[in-house]
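> missing the sequence, but the structure's below:
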């Protein structure tokens, strides 16, 4: 969209609506507080981009949801906006493209943004004939991500909300989310139940095996329970000793030699204790 020869107009906030299916979250966080303070002192410096809603006097926001939220919080009743007469699909593409350059984008936001743009492109003219593969290729190019990665993010839209939250909070890897996304909702909730009971999230190996069992028609609650109850390497209790402390006893040793030294020392001490107990009998 080009702004050539187009001037912003002031629109009452009461006539502005969030874009239906907007994939990007508007949060009341520290960044929003900063934006509200800026709006209070300087107003809206960059106009919103909106489109007329058919058969109404209202407008749908394409770009500027956070600015609009800040304006409402700051008590501002009108905001500057550029009006574009876009159809739904063109507007969907514009919504995604205008937000993908943000510094912080959550996995769930990328997932639903890519899916929104893909569906919009599939509906449009040439895109309708070329299909999903062409649409994903175009998204990949504009987002500077591989086609495989775009597909992986779109798979996340099939996750239950709780797992999407895990993704956004960094509690679950993208690869794990992708594997779980192939399970139906009920089985995903069975996995979630095990996560809560065992205070863990699935490893990639566990998620992969559950996906494989699901494809083979073998996955049920008991299978999920069996897989999720396995002890993972990162859940085993470990003891860490700073290397510099050990090097006092085994100078010039590399990590493997230090490990061998500690194990031999423990074995020597174990034998010493056994001899002591035998003497005390």
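Done, it's in. All values reported here derive from a predicted model rather than from experimental measurement. Residues are numbered from 1 along each chain as shown.

> and stretch 191-206, end to end?
10 Å (C-alpha to C-alpha, to the nearest Å).

> point out where the stretch 1-150 of the chain drops to low pLDDT.
The stretch 1-150 of the chain contains residues with pLDDT under 70 at 1-5, 125-132.

> now with 80, please.
Along the stretch 1-150 of the chain, segments meeting pLDDT under 80 span 1-6, 100-103, 123-135, 140-144.

> which parts of it are strands?
With DSSP state E, counting those that start in this stretch as the criterion, the stretch 1-150 of the chain has strands at 9-12, 16-17, 48-52, 59-63, 78-83.

> ok, now which ones touch residue 91?
Neighbouring residues of residue 91 by C-beta atoms under 8 Å, 6 or more residues apart in numbering: 19, 51, 60, 62. The way it works is simple: take the backbone N, C-alpha and C, and place the C-beta from them, glycine included.

> apart from its neighbours in sequence, what residue is nearest the residue nearest the centre of the chain?
Centrality entry for the chain: nearest residue to the mean C-alpha point is residue 107, 2.0 Å, by C-alpha atoms, centre = their mean. Excluding the flanking residues, the one nearest residue 107 by C-beta to C-beta, 6 or more residues apart in numbering is residue 167, at 4.3 Å.

> could you measure from the one you found over to residue 58?
Distance from residue 167 to residue 58, counting by C-beta to C-beta, to the nearest Å: 34 Å.

> same check, this time on residue 274
84 Å.

> ditto for residue 142
29 Å.

> who has more neighbours, these two?
residue 58 (15 against 12; other C-beta atoms under 10 Å).

> isn't the more buried one up against residue 17?
Yes: between residue 58 and residue 17 there is a contact under C-beta atoms under 8 Å: 5.7 Å.

> so residue 48 touches residue 69, yeah?
No: applying C-beta under 8 Å as the test, residue 48 and residue 69 come out as separate, 11.0 Å apart.

> buried residues in the helix of greatest length in the chain, which are they?
Criterion DSSP state H: the longest helix present in the chain is helix 255-280. Using 16 or more other C-beta atoms under 10 Å as the test for burial, helix 255-280 gives residue 258.

> and stretch 6-23, by the same measure?
For stretch 6-23, burial by neighbour count (16+ other C-beta under 10 Å) applies to 8, 11, 16, 19, 22-23.

> once you drop chain neighbours, what's closest to residue 117?
In space, residue 117 comes closest to residue 96 once its chain neighbours are excluded; the distance is 4.3 Å by C-beta to C-beta, 6+ apart.
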